[in-house]
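Asks: Give me coordinates for this.
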Amino acid sequence: MLRARAGFWGGVRWASSAALRSQQPTRPPKGPANTRESPPIRVVGPDIDPLAWDPSWNFKRLPLPSAAQPPTTERRSDTKRPGKTSKSGFKRLTGSPKEEVPTGYQQDAPIGNHNTDGGCTAASLPRRRRPIRHILLRMRARQTARPSQHPPSPSRALSDYLARIAGYERNLEHLSRYLDEKSDRLPILTASALLKQRVAQGALENFEVELALAAGDGDWSIWADKRVTAGVSEDDINHWAWILSAETPDLAIERFISDSRQKPPFLLTMIIAPDRMLTDAEMIVSLMQHIRKHYVGTRRGPDGRTSYDLTWQHFQTVLERLVSQCLSSWPALLPSVARLAVSIIEGLPQQLGGLPRRANAIQGKLLNVCLELFGSPPDSYPLNDMINNWHAQKVLLDMSSRLDPPLFLTRNGYRALRSVLVALPKSSSERSTTQRASPTWPPFRQDFDGRDEQRQPEDDLSLTAKVGILKREAGYPDDHFDRAVDTLAGSVIGRNPTIQTRSLATQVWDGERASQNVDFEWAMSVKATRNAREAWHMFSSPPLPGIKPSAQVYAEMFMKLFADPVPEWSSILPGDGKDTFPVHNGNLSALEIARISPPTPGELYRMMLYSGVKPTGESLIVLVRYAKSKQQALRYLADSPYKDHVKLLRRTTFKGPECAKLLLTLRRRILYAWVLMLCRTQVKPRRRMANTFASNQFKEAMRLTSEYQEVVAGSQVTDKAPWYIVMSHLAGQENAYADEGAKYNSLVTLSLFMYHWQRTVDQKGIDAKLFELLCVIVRKALRLSTWYSTTGELTLRVMPIDKNGRLTRLLVYALRKLRDAFGTLTQPIRALSDTTESDEGLVYPHRLASKHLVLYMCALGTLGDGKEMVRVMRWIMDSWDRDYVLDDSKLPGMPAYNTMVRTIAYFFRVGKHLVEPAVMQELQDSLEKLQRERFCTWEVPPGGNIISDNEVDLDLGAAACWAHVKEIAYGDEAKLGSDVEETTHSDGDEADGAQLEMAQQIG
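Replies: Residues are numbered from 1 along each chain as shown. Next comes the predicted model:
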């Protein structure tokens, strides 16, 4: 499946030199008369852009540049998601819609190889006028031309206008100029029509007055003759403006797909722009179906009416924006985007109309671009959701192997594959290899039995390492990035083994910062270790002699020093997480152990400052995240380039223009680290105070997050990470402290959590993380309100804590939200199938894993909701035959499989006390039938000893005390709705007013 395109540039070098020799006259002997002769042209393969070839170019009109003016290299700008740093670092190739691809050329092919099967050969070049000559001369003419400053495109001007309407700061000077010049470009005409509609509706704002004056009356007769002949009518323009005037991005897509008439490409790319937050997964899937049906492979109709054919550059932009939307909210939809990309790539020969070699070149380019797009990690769960990226890449690779001739991968294509593979969980064979690593360093493999002795070194290679071998066989040599990925991949032939580590290895630097790739390789060698001692050994062993560690290398060393030791009962292996494993002393003496022991975090920090390295980037984030106090974190900031933010973060309130100015320059990840530090260092008050809660750090973290998201445009809609951090600590071991005493902490914590949970869902939508946190907080609140600790033992309270019935209302509200969230997350939508004739496949836009199911099952058991437990169990068994649903939980030996077995064991252990025996027997028979007929690997452990008796007693005790919660939740819907509204969004009665006022002030 993974094959390398044979060398194109080897043929290019030969052909170009031969072409130039055939065109140039014989040089006279060297002498004084020939001293002013220009030096011979030297052709360098990678600098030639085959996609810039134009067969109609006339060579005689191109003056050669003089020797005194060396050509300058012209770089293409990368396409990045707005507001986000490019994580992949890959160079995304974008082209102008007017560029054409020559027949038989492939970009980024390895140098030095030559392939006659689809590549550029001497036989395929014309005898008189070789295309490479025109490529060379056109390239040199472009390099010597003076770059001109072009105004933004009409599409960009319209996009800025829409962003300004949405509340973002944008410069509309160029749009005003376009309108004043009466431009007949379709985006400008659409903007003019949108202005007219807003004037008619009376919705014109102050900044639009100047635009309306520039547009004038918008007389149709000015440009009617030009556009009517092209098939565009005034009704079409008004229809496009109506689509863009939608109140929400989802409504704009719904209007776009409401009819079958074709729309121009700018309208399609604008409704899925990265700054437009979509909340309905079904809309984006419907849009992909619409694109496949009306745009893929379509051409101009016989009636002369334009069909707005999308070129391959337009398709590339559409795919980039679809992937960006899915990475933000629905990573599970990435395979559907990949199927759309397959339809586009397979339809290119038909769309180009009988140019097979040119179509093959464009197909190869789009394949590698799509692989790079799917190499970008998701926003919410970068590691856990990377399996969706791999499914999408497999769809593309399967398509490549079916084509004739097959498509081949470039260097960036291989990098994208390896970046995804290195972030996936270990397979069964990879886990077996990790378990056989020796406790010494380097961790060579140990042979446990005769079967291990028969294994070859190739058998211990991970999939990431095997793809690296294919890359080298394809002719792409290793660089620092490739060696860093090899380090994370574990065993590599020819190098000392390391620990296979699950990581996001997508940092690639080029240009002036290319030297940082050496630091990246060094940092990954520190990361691919099991404990701080091994990390210190790699920290002291630079990849090149004489270089000093950078802030990135220090960051990985700090991570090892701050990491928690792995629990003895845990089943995770080295490299699965951030936990460290015990060191192996062997027969080392105490003196040798002291010599090789790593420094403390404080000693390493002083070492970093003495060496002239300031805490910045990842090192500053790690230091702030694990600071012991707010004062220590402020000291780290004072030593960093962000020392101006010390006076901001020293405060507890963040109102005012000065704070807003500093918040705009605060990096988002530093904000995350600061919020995490505030929540982690929350301390219990020493004495009761009138306003204890107002002085704690939870309130400061929430105020900082709220103020930051109000100042920074777009973060309030798209950024969930700081609220994840706050709610994770509320659902964890930390509590918000109540004025009435410690026994009411659970009530205050749950009230505060539910307020911000509902607010986040309303603004950003539900996802698996919010569902997980709600499960944890419900079980925590029930246990704390039912049991209390005396001398290390838990005792059942005589009367559960329920202040005036407020906790009951909160629990009923939480139970209903749990059921609704599970129904939303497990609701499938119709997705793109592998064929273009029908769209019968179903996909789950939200990816639920076994860890979410076990938390939900435990929360239901604590609530005593046996009815919902049965529903969850039926859904689990129905998921066995579904693709991409719980797929990591179906392989025995994997951690997700063990979690799924625990879920089933908990249901049969606790459910027998809450569910009727006939229903339990039915589910038992269904599971056994699934094992016999469908080879299901899930089973009920014999004896159910996975679930301890203590855990069962705690949950059943809470379920018995709060049985009325379940009855109310399934009872009067209207009454409960009014109670919950009173509890979560109003001051309520006098007894509840204080706590609700706290939550609303923080919100």
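
Asks: Can you name the residues that contact residue 763?
Replies: Going by Cβ atoms under 8 Å, 6 or more residues apart in numbering, residue 763 touches 716-717. In this view, the C-beta of every residue, glycine as well, is placed from N, C-alpha and C.

Asks: Helix or strand: which one has it?
Replies: Per DSSP states H and E: residue 763 is located in helix 745-764.

Asks: Quick one: name whatever helix or strand follows that helix.
Replies: Next along from helix 745-764, by DSSP H and E: helix 768-786.

Asks: Report all helices and strands that that next one contacts.
Replies: Judged by 3 or more Cβ pairs under 8 Å, 6 or more residues apart in numbering; DSSP states H and E, the packing partners of helix 768-786 are helix 721-731, helix 745-764, helix 806-825, helix 850-863, helix 949-961.

Asks: now the angle between helix 745-764 and that helix, please.
Replies: Calculated by axes from the mean of the first three to the mean of the last three Cα atoms, to 10 degrees, helix 768-786 forms an angle of 160 degrees with helix 745-764.

Asks: Sort out which residues of helix 768-786 are buried, please.
Replies: Neighbour counts over helix 768-786 (16 or more other Cβ atoms under 10 Å) mark 768-786 as buried.

Asks: How far off centre is that helix?
Replies: 27 Å (Cα atoms, centre = their mean, to the nearest Å).

Asks: Alpha carbons only: can I get the helix or strand that that helix is followed by in CSV?
Replies: Scanning forward in sequence from helix 768-786 by DSSP H and E, the next helix or strand is strand 787-790. This file holds the C-alpha atoms of strand 787-790, laid out as CSV (Å, rounded to 0.1, in the frame of the first residue of the first chain):
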residue,chain,number,x,y,z
TRP,A,787,-21.1,8.5,53.7
TYR,A,788,-18.7,10.2,56.0
SER,A,789,-15.3,9.2,57.3
THR,A,790,-14.6,8.3,61.0
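
Asks: Who does strand 787-790 pair with, and is each partner parallel or antiparallel?
Replies: strand 793-796 (antiparallel) (DSSP bridges).

Asks: picking up where we left off before, got the angle for the helix holding residue 763 vs helix 721-731?
Replies: Angle of helix 745-764 versus helix 721-731, following the same axes, to 10 degrees, is 160 degrees.

Asks: relative orientation of helix 745-764 and helix 806-825 in degrees?
Replies: Interaxial angle of helix 745-764 relative to helix 806-825 (the same axes, to 10 degrees): 40 degrees.

Asks: If you count neighbours, what's buried in helix 745-764?
Replies: For helix 745-764, by 16+ other Cβ under 10 Å, it's 745-761, 764.

Asks: for stretch 603-622, same thing?
Replies: Buried, per 16+ other Cβ under 10 Å, within stretch 603-622: 604-605, 608, 613, 615-622.

Asks: Repeat that for stretch 664-672.
Replies: Quick answer for stretch 664-672 (16+ other Cβ under 10 Å): 666, 668-672.

Asks: residue ranges of the helices in the stretch 401-550 of the chain, please?
Replies: Secondary structure of the stretch 401-550 of the chain (DSSP state H, counting those that start in this stretch): helices located at 411-421, 428-435, 450-453, 463-473, 480-489, 516-527, 532-539.

Asks: what about the nearest residue to residue 567 once chain neighbours are set aside, neighbour count?
Replies: In this structure, residue 567 finds its nearest non-sequential neighbour in residue 579, 8.0 Å apart by Cβ to Cβ, 6 or more residues apart in numbering. Neighbourhood size, residue 579 [other Cβ atoms under 10 Å]: 15.

Asks: Return the per-residue confidence for residue 579.
Replies: You'll see residue 579 listed with a pLDDT of 91.

Asks: tell me the contacts of it?
Replies: 563-567, 570, 572.

Asks: State the distance from it to residue 539.
Replies: 19 Å (Cβ to Cβ, to the nearest Å).

Asks: in the stretch 801-950 of the chain, which ranges drop under the pLDDT threshold?
Replies: When residues are selected by pLDDT under 70, those of the stretch 801-950 of the chain lie in 801-803, 831-841, 943-944.

Asks: And the helices in it?
Replies: 806-825, 850-863, 866-878, 895-910, 917-934, 949-961.

Asks: Measure how buried residue 581 is and give me the count.
Replies: Around residue 581 there are 18 residues (other Cβ under 10 Å).
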